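>>> this is a predicted model, with the sequence first.
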Amino acid sequence: MTHLSIDTCLNLVMPRGLEEAVSDLLLAHPELRASFTACRVEAHGDGVELRSASEHVRGHADRMRMELLLSRQDADRMLDYLRQNLPNPAIFYWTTPILTAGKLA
């Protein structure tokens, strides 16, 4: 994948117990060649389901966020692939445009 083909960031937010299954699916789909990062996040808001007693006490949900850099077409294909292989309403996604991407050196 060259930096010229990256124009979309696909963001996935999920309960922490799902990150391994999602990572495995991403890595098993090499033709899309998605570059991605993962980090722990705290989810807040009306649409966030607090699952454990500790989340209710803290007032936020423990989640993982994965960011995939892809072409728009590959982002759509990846979403279709994830929907077919891991249809889970606890996984939230959105896409954002990437204006520029590349390496500094």
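Yep, it's here.

>>> beta partners of the most centrally placed residue in the chain?
Central residue of the chain (C-alpha atoms, centre = their mean): residue 12, 2.3 Å from the mean position. Each beta-bridge partner of residue 12 is listed here, defined by DSSP bridges: residue 66, residue 93.

>>> what distance do you get for it to residue 29?
Computed as C-beta to C-beta, to the nearest Å, the residue 12 to residue 29 distance reads 14 Å. The C-beta positions use only the backbone N, C-alpha and C, and glycine is treated the same way.

>>> same check, this time on residue 105
Here the distance between residue 105 and residue 29 works out to 29 Å (C-beta to C-beta).

>>> same check, this time on residue 76
When C-beta to C-beta is applied, the distance between residue 76 and residue 29 equals 13 Å.

>>> now do residue 68
In this view, residue 68 and residue 29 are 11 Å apart by C-beta to C-beta.

>>> assumed residue 40 was part of a strand.
Yes - using DSSP: H, G, I helix; E, B strand; the rest coil, the assignment for residue 40 is a strand.

>>> number of nearby residues for it?
Taking other C-beta atoms under 10 Å as the criterion, the count of residues near residue 40 is 10.

>>> identify the bridge partners of it.
residue 64.

>>> I'd guessed it sits against residue 16; true?
Yes - judged on C-beta atoms under 8 Å, residue 40 makes contact with residue 16 at a distance of 7.2 Å.

>>> which SS class is residue 26?
On the basis of three-state DSSP, residue 26 is classed as helix.

>>> was I right to think it contacts residue 68?
Yes - proximity of residue 26 to residue 68 meets the contact threshold set by C-beta under 8 Å, at 7.1 Å.

>>> quick one: common contacting residues for those two?
When C-beta atoms under 8 Å, 6 or more residues apart in numbering defines a contact, the residues bordering residue 26 and residue 68 alike are 34, 36, 78.

>>> just these: which are in strands?
Judged by DSSP state E, strands contain the following of the shared contacts of residue 26 and residue 68: residue 36.
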